[in-house]
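Q: Following is a predicted model, sequence given first.
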Amino acid sequence: MSQPTVVISSRGEERIRNGHPWIYRSDVAKSDAEGGATVTVAGSRGRTVGQALYSDRSEIALRMLTRSAEPAGRDLWRARLERAIAFREALRIDATACRLVHGEADLMPSLVVDRYGDYLVLQALSQGVDRLLPQITELLVELAHPAGILARNDPRVRLLEGLEQRVDVLHGEVPEVIEVREGRVTYHVDPYRGQKTGLFLDQRENRVAAAQYARGRLLDTFSYNGGFALALAPACEEVLAIDISEDAVARIRQNAERNGLANVQARAMNVFDELRELERRGERFDTIVLDPPAFAKNKAAVPKALSGYKEINLRALKLLAPGGFLITCSCSYNVSEGAFADVIASAAVDAHADVAVVEKRMQGRDHPVLLTVPETFYLKCFILRKLG
Ligand code: SAH
């Protein structure tokens, strides 16, 4: 079967040569393909440069699947899904929830698949993957044997593709609550309404790392359903978890109870206000976690985001007892690791604190970074020790 062809500019070809799988609309010279089609990509001199998913709405017009002349069909998806799943098995993750497919970094651009126990929760973030969902569902059933597959196709980025925001069961049955285990902690996950696909799976390894340093009095800010608080609580005397969402706080309390962690307290507060209030009261903590939502969702928001990061890091460093640990994160990919490190350094100077970097970390290994795609490196996590 012959596929439609999309012709790109020499600048587009240059991007592909440099390993980037996205071609912007401004580099498309000619296309008669329908949105969502899998297409053959040709260079300005007519040479085939590869196969891609085409979108007729997004600024990202093409997402490369291969750099070969061979059409990209079911066999390619099957092989890539198989490899992605086998890689996660090889990681021997100590949890029943993890990411199976991380888009570009698994050479399946704009597809996310997460495992929650016996169930899969996926997201189709482009027209091309959205159109292939029946095929991808079949392949996932064959390769991963889930009891059910849920499509959490409600992220706003789908609007950029002209796709609806919707949530559908694609296979089997998916319950309202799924119990999963991460290390020693069990969670009840709401796959239909939880943030992202239910949990912040990308922080799993940072929680494990942080637990090595945690002690004394812990402050876990932006706690969601208690990810860091619960993983660190066994090492601490007292834990205060804060999130602005009442629902999240209710879940932290339930999760703490279910796991028999009686030293966890949760409060629904704005972290910016509460850090100021704790400082005014002269409180001290031995371990603090800062895991805010992405402050910079786009480039224009970067300056404001940097001042937000500076403020919470400054206040946290003041609240931290000498010898204490700060686990500080940024999941804004528009803020580079270097820029984030500069902000923390300037917070340390203003807090009159000498601070050592103990670990420099990123998103978990099941969310790998594609070396040539800076956009896939989004989560930065520093483990810092306040000296003195
Ligand atoms: N640390 C969590 C993930 C945090 S996600 C984990 O390990 O799983 C970010 C959380 O910050 C969300 O739950 C959101 O409700 C909360 N949040 C956003 N703005 C906030 C604010 N100003 N004050 C307190 N919580 C906030």
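A: Right, received. Where do you want to start? Numbers count the residues shown, from 1 in each chain.

Q: Which secondary structure state is assigned to the residue lying closest to V335 once chain neighbours are set aside?
A: Using Cβ to Cβ, 6 or more residues apart in numbering and skipping residues adjacent in sequence, the residue nearest V335 is A296, 5.3 Å away. In this view, the C-beta of every residue, glycine as well, is placed from N, C-alpha and C. Classification of A296 using DSSP: H, G, I helix; E, B strand; the rest coil returns coil.

Q: phi, psi of A296?
A: Taking degrees, to the nearest 10, you get phi -110, psi 90 for the backbone angles of A296.

Q: can you pull the contacts of it?
A: The contact partners of A296, by Cβ atoms under 8 Å, 6 or more residues apart in numbering, come to 302, 304-306, 332, 334-335.

Q: what about 10 Å?
A: By Cβ atoms under 10 Å, 6 or more residues apart in numbering, the residues touching A296 are 302-306, 308-309, 330-335, 339.

Q: shaky segments in the stretch 201-350 of the chain?
A: Applying pLDDT under 70 to the stretch 201-350 of the chain flags no residue at all.

Q: What residues does it have near the ligand?
A: By the rule Cβ under 6 Å from any ligand atom, the part of the stretch 201-350 of the chain lying against the ligand is 203, 222-224, 227-228, 242-245, 248, 270-272, 291, 293.

Q: Dig out what the nearest residue to N206 once chain neighbours are set aside forms beta bridges with.
A: Leaving aside its sequence neighbours, N206 sits nearest to C381 (Cβ to Cβ, 6+ apart; 4.7 Å). Residues in a beta bridge with C381, per DSSP bridges, are C329, R361.

Q: So which residue is dead centre in the protein?
A: D202 (5.3 Å; Cα atoms, centre = their mean).

Q: which of the contacts of A296 tops the neighbour count?
A: Of all those, the highest neighbour tally under other Cβ atoms under 10 Å goes to S330, namely 30 neighbours.

Q: burial count for the residue in the stretch 1-150 of the chain that the ligand sits nearest to?
A: Closest to the ligand within the stretch 1-150 of the chain is A97: 11.5 Å, counting by Cβ to the nearest ligand atom. Applying other Cβ under 10 Å, we find 24 other residues in the vicinity of A97.

Q: number of nearby residues for whichever residue of the chain sits closest to the ligand?
A: Nearest residue of the chain to the ligand (Cβ to the nearest ligand atom) works out as G227 at 2.5 Å. With neighbours defined by other Cβ under 10 Å, the count for G227 comes to 26.

Q: In contact with it, which residues are there?
A: Residues in contact with G227 (Cβ under 10 Å, 6+ apart) are 182, 185, 187, 199-201, 203-204, 206-207, 220, 241, 252, 255, 289, 291.

Q: Could you rerun that using 8 Å?
A: By Cβ under 8 Å, 6+ apart, G227 lies in contact with 199-200, 203, 207, 291.

Q: can you list the weak-confidence ranges in the stretch 1-150 of the chain?
A: Applying pLDDT under 70 to the stretch 1-150 of the chain flags the ranges 1.

Q: and it, which of its residues are near the ligand?
A: Counting by Cβ under 6 Å from any ligand atom, no residue of the stretch 1-150 of the chain sits close to the ligand.

Q: just the strands in the stretch 1-150 of the chain please.
A: For the stretch 1-150 of the chain, the strands defined by DSSP state E, counting those that start in this stretch cover 5-8, 22-24, 28-31, 38-42, 48-54, 60-66, 97-102, 111-116, 119-124, 148-153.

Q: Now distance to G73 too, for those strands, in a markdown table please.
A: Rendered in a markdown table, the data for these read as follows (distance: least, Cβ to Cβ, whole Å):
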| stretch | distance to G73 |
| --- | --- |
| strand 5-8 | 16 |
| strand 22-24 | 20 |
| strand 28-31 | 20 |
| strand 38-42 | 8 |
| strand 48-54 | 9 |
| strand 60-66 | 10 |
| strand 97-102 | 18 |
| strand 111-116 | 15 |
| strand 119-124 | 18 |
| strand 148-153 | 21 |
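
Q: closest to S346 out of those?
A: strand 97-102 (32.2 Å; Cβ to Cβ).
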